[in-house]
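In: Need coordinates for the below:
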Amino acid sequence: MTAPTAANDAGAAVAPSTTFEANGVRVERLRAGRAGGNLFLVPGLEGDPTELTAVVSAFVGPQEVYAVAPLAEDAERQPVVGVERMAELIVCAIRRVQPAGPYRLGGYSFGGLIALETAQQLRAAGEAVDALFLIEAVFDERFWPRGTWLRALARRTGRQLARIGHMPMAQAAAELRLRSGRLRRRVMRRATDDPERLSMGPDDANTMSGLAYSSIAGYRPRFYDGTITLIASSIDRHFGCDTVKLWAGYADHLDVARVDGDHLTVMHDNASAAVVANVIDHRLARSRATWAGLRPMPGFERPMLLSTMRWFSAARLAHALTEAGFTVSACRPRSHPLEVVEGIVSDHRLSRLRRSRSVVVAIRRAAPDIVLPDDERALALLRRIHARTRRTEPAIAAVIAHSVGAVDHWPSITSRSGLAMQARALDVAAPETAVISDSVALEQWVARHGMPVVLKTDGSWGGRGVAVVRDGSRLREAWRNTSNPPRLTRGVKRMVFNLEAGALAAWLRRARPVVNAQQYVGGREAIATVACLHGEVQALVCLEVVQATEARGPAAVVRIVDHPAMAEAARRLVRRFGLTGFCGFDFIITDSGEARLLEMNPRVTPTCHLLVEGDYQRTRTIALFPAELVRNGQPLAAVSSVLDVPVRAPQLIQRGEWMAARQHRPAARMMRRVTRRWATPTY
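Out: Numbering: from 1, shown residues only. So this is what the prediction gives:
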């Protein structure tokens, strides 16, 4: 996301460096910070602490940062050779700074191997290691899986041949001889233990880089019985393989974070280095007792995201959950943004023709403890599956019942008028709302409650199925447009462009929606976003809508506010309905500051990730990513102080930007003009 919660603890200013050498190790304090929050980083091949400067300068958390770099010789003036020996000396050096754990370690490239071995030795000595960060760490290719090594060899060879093909003849011939020799040597050393054939680096064993290459050749990582945070580049230009594939199976839990760039630029490019710092800040903040974000808990540890729409917010939430340590699975249509989220352990396709069956199969295979519906259709689908499996598969029915609130309250949750009735019974302010059967009943209701009136259909979302009527002479017209079945043109459009058959099926059945009349309330739109378990709120944030994508549509820009009455109303409703998972409550804040409940969304909403990332306690304005949302064919203005970009997920950023760019295409603009009549009309 934006800056992590650790920014609240900022105040750790960069101090003059403190440097000392201790038996083959150089220790340099790069950043002053809070006592007890030390972070020890090992630089790469050259052992140069300045390699860490860009990352360290981007930290915002309270950690004090030290560079620990192995030297070419120890106190006995003997060469320091071997990762194990370097780690042994580093253990002694860092204990001079911090005599006891828990320790926080990290390293870049070759330094990552040393950091890993240092962690192994500290844990073997009975010390605790709270965090271990490997930044683009790569071990010797002799120990790579055979398939990975062969693919990497082929890719590197192809790249070299393509490069040689653009050279003049004489230069190309010389380069071809050089590269052929290196290729032959690579193949031969794969099966040898001869020290003279192992090193692929400089021949000068007296330099730090020469010692590093020799040490890499003889080091095979051991399994780490803990969590490794692997910070991997998104571009491979050097090794021919994805770093993540190398480390799969080497740790009890591998926490992967992607950074734009390649092996070199992730540390030297300021933008990439800032993301590396953001990852480390976020992981360290999450380990502190003061972390405000959502943590896994019994009954909410293995969530499955169920989506029938291709909404970006589901992928945004999935990324936040995987980072927070949840075991995340998904059941979604093809081409969903969820497909680019790292860390999803079980990804299942939602069948267009057999949706219920595909969801049941996904739940069986993934065994989630909670299913998180991403949209109203997913919510309705879960309720249908519950009815079908209540007797035949009680375990699946139990998971669904746990996921979508107390079964006895489903009629109230799905009915706008039922929700209003329950809210008033809990002393929650809500406008008068009632189900309307025909235009005559509507006119009678208006005679009692006055104008304006808002017509809303049950099960609609995003401003669809809503009409604001200000002119009494247009009540019947508004009623006809709201209460009629979906139009054929809309059903065909949804089928062709969105691959969704619901609207067309409703047209064929001539199914009329349930229409509610609601008193109009003027004021500012607001949202309460909640994470809850068994009817108890675990995290909550109140947001005022600064800008929406369209009238009564999803929020594009929000402001975090403190509104105790709105928060208390959400708590009462969560408790009343026994909700678990995520939900959102839509309010209107009147000019007098009173919050009036309009509706409830017992599902994932676009701001749920804020609760997981723990970044919701500071009063500020946030533009929800993708920023270039469109209203009437024009991009929305950036009016926020913070742009909510998932900086730790470059693939997700690319997908969001692509989705936003599609909104500017001629076909998309034309479709918006065609469907604009179904946005919230005013009569």
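In: Confirm that residue 174 lies within a helix, as I assumed.
Out: Yes - applying DSSP: H, G, I helix; E, B strand; the rest coil, one finds residue 174 inside a helix.
In: how far away is it from residue 240?
Out: Between residue 174 and residue 240 the computed distance is 23 Å (C-beta to C-beta, to the nearest Å). Placement of C-beta: from N, CA and C, glycine included.
In: what bits of the stretch 351-500 of the chain have low per-residue confidence?
Out: 462-463, 486-487, 489-500 (pLDDT under 70).
In: low pLDDT regions in the stretch 51-200 of the chain?
Out: 192-200.
In: which stretches of it form helices?
Out: Assigned by DSSP state H, counting those that start in this stretch, the stretch 51-200 of the chain shows helices spanning 53-57, 83-97, 110-124, 146-164, 169-189, 195-198.
In: Tabulate those helices (CSV), appending distance to residue 366.
Out: Shown next, in CSV, are the helices of the stretch 51-200 of the chain (distance: least, C-beta to C-beta, whole Å):
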stretch, distance to residue 366
helix 53-57, 36
helix 83-97, 39
helix 110-124, 31
helix 146-164, 27
helix 169-189, 41
helix 195-198, 44
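In: Of those helices, which is nearest residue 565?
Out: For residue 565, the closest of the helices of the stretch 51-200 of the chain is helix 53-57, at 43.3 Å, according to C-beta to C-beta.
In: quick one: the closest one to chain centroid distance?
Out: Centroid separation between helix 53-57 and its chain, computed with C-alpha atoms, centre = their mean, to the nearest Å, is 24 Å.
In: what do you get for stretch 131-145?
Out: Between the centre of stretch 131-145 and the centre of its chain there are 24 Å (C-alpha atoms, centre = their mean).
In: Show me the protein divided up by domain.
Out: Domain segmentation of the chain under automatic domain parsing yields 5-141+217-286, 144-199, 303-405.
In: For residue 70, name its beta-bridge partners.
Out: Using DSSP bridges, the beta-bridge partners of residue 70 come out as residue 25.
In: my read: it touches residue 208, true?
Out: Yes - at 7.4 Å, residue 70 counts as touching residue 208 under the criterion of C-beta atoms under 8 Å.
In: shared neighbours of these two, anything?
Out: Shared contacts of residue 70 and residue 208, defined by C-beta atoms under 8 Å, 6 or more residues apart in numbering, comprise residue 47.
In: So what does the residue nearest to residue 406 when sequence neighbours are not counted look like in phi/psi?
Out: Of all residues not flanking residue 406 in the chain, residue 578 sits nearest, at 3.7 Å (C-beta to C-beta, 6 or more residues apart in numbering). Residue 578 adopts backbone torsions of phi 60, psi 40, taken as degrees, to the nearest 10.
In: List the residues that contact residue 578.
Out: 405-406, 409, 534-535.
In: So for residue 70 and residue 208, which sits in the more crowded spot?
Out: Neighbour count, other C-beta atoms under 10 Å: between residue 70 and residue 208, residue 70 has more, with 27 against 20.
In: still on that earlier bit, in terms of neighbours, single out the busier of residue 174 and residue 240.
Out: Neighbours per residue (other C-beta under 10 Å) separate residue 174 from residue 240, with residue 240 holding more: 20 against 12.
In: Touching, the more buried one and residue 152? I think so.
Out: Yes - with contact defined as C-beta under 8 Å, residue 240 and residue 152 form a contacting pair (3.2 Å).
In: So what sits opposite residue 524 in the bridge?
Out: Judged by DSSP bridges, the bridge partners of residue 524 are residue 589.
In: Could you check how far the residue nearest the centre of the chain is from residue 330?
Out: Taking C-alpha atoms, centre = their mean, the centroid of the chain lies closest to residue 319, which sits 2.2 Å from it. Distance check for residue 319 against residue 330: by C-beta to C-beta, it reads 12 Å.
In: Find the residues that touch each one of those two.
Out: Common neighbours of residue 319 and residue 330 (C-beta under 8 Å, 6+ apart) are residue 341.
In: now the domains of the chain in JSON lines, with distance to residue 562?
Out: Listed next are the domains of the chain as JSON lines, based on distance: least, C-beta to C-beta, whole Å:
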{"stretch": "domain 5-141+217-286", "distance to residue 562": "16"}
{"stretch": "domain 144-199", "distance to residue 562": "52"}
{"stretch": "domain 303-405", "distance to residue 562": "23"}
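In: okay, now the closest residue to residue 105 other than its chain neighbours: neighbour count?
Out: Leaving aside its chain neighbours, residue 105 sits nearest to residue 115 (4.6 Å; criterion: C-beta to C-beta, 6+ apart). Residues contacting residue 115 under the criterion other C-beta under 10 Å number 27.
In: ok, residue 115 to residue 108 distance?
Out: Relative to residue 108, and taking C-beta to C-beta, residue 115 is found at 9 Å.
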